[in-house]
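Novice: 3D model of this:
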Amino acid sequence: MSDATPTDRGPISRFPVVPRAELAGELRERYDAVEERSGFLPNIFGALAWRPAEASAFFALHDALMDKETPALSRGDRELIVVATSAANDCLYCVVAHGAIARIRTRDPYLADQVAVDWRKAPLSPRQLVVLDVAVRLAMAPAEVTGEDLERLRGHGLTEDDIWDVGAIVGLFALSNRLAHWAAIPPNEEFYLLGRLPRA
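Specialist: Numbers count the residues shown, from 1 in each chain. Here you go, the predicted structure:
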């Protein structure tokens, strides 16, 4: 078991990194489960661990928003929202980490990169284009979002819960983007290759 620790590329945070053994049981168990499932501990976990109550709340909200699937907003769609809005916020950590998850959840090795560079030109469905259009506007110019934008989402089959999720995902990752910038959290090297090649 390895903690998220400084690498030869530098520290994972500008703030303290708490050894996992010092974490409360429930949070430590979560970290262990994440590492067992993915094969490594994402740096965001190590970077947030020194504020355990906030880390627990952050990951609980993340799970509530990201680990579900509806007919109009798949788990892959949710990850593409994160990639597009994080790219707009110049957040390297979230683009790389959630780009990897998006590749896996969309089963497409190219789409996340295309969305990160220019989602408008990515090969997306009309529904996905509207979702990302509204999401990026909310991320970059929230006061410009209108009721008409919500109607556009309804017109593409999103339910009220789906529409709320779009806004909540944008809001959560606005926080995540800013914390990643604030702490200078680098992406784990493992993220770069995830979902690009078929599993052996």
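Novice: so which bits of the lowest-mean-pLDDT helix or strand in the chain are buried?
Specialist: The helix or strand of the chain with the poorest confidence is helix 25-38; it has a mean of 93 (mean pLDDT, DSSP states H and E). Using 16 or more other Cβ atoms under 10 Å as the test for burial, helix 25-38 gives L27, R28, R30, Y31, E35. In this view, the C-beta of every residue, glycine as well, is placed from N, C-alpha and C.
Novice: again, but for stretch 50-59
Specialist: Of the residues in stretch 50-59, W50, P52, A55, S56, F58, F59 count as buried by neighbour count, 16+ other Cβ under 10 Å.
Novice: cool, and stretch 71-87?
Specialist: 72-73, 75-87.
Novice: picking up where we left off before, helices and strands around the least confident helix or strand of the chain, which ones?
Specialist: helix 52-66 (3 or more Cβ pairs under 8 Å, 6 or more residues apart in numbering; DSSP states H and E).
Novice: report pLDDT for the closest residue to N43 other than its chain neighbours.
Specialist: Spatial nearest neighbour of N43, chain neighbours left out: I12 (4.3 Å); criterion: Cβ to Cβ, 6 or more residues apart in numbering. pLDDT recorded at I12 is 97.
Novice: I'd assumed L48 was in contact with I12.
Specialist: No - I12 is beyond contact range of L48, at 10.6 Å (criterion: Cβ atoms under 8 Å).
Novice: low-confidence regions, this protein specifically.
Specialist: Where the chain drops to pLDDT under 70, the residues are 1-8, 198-200.
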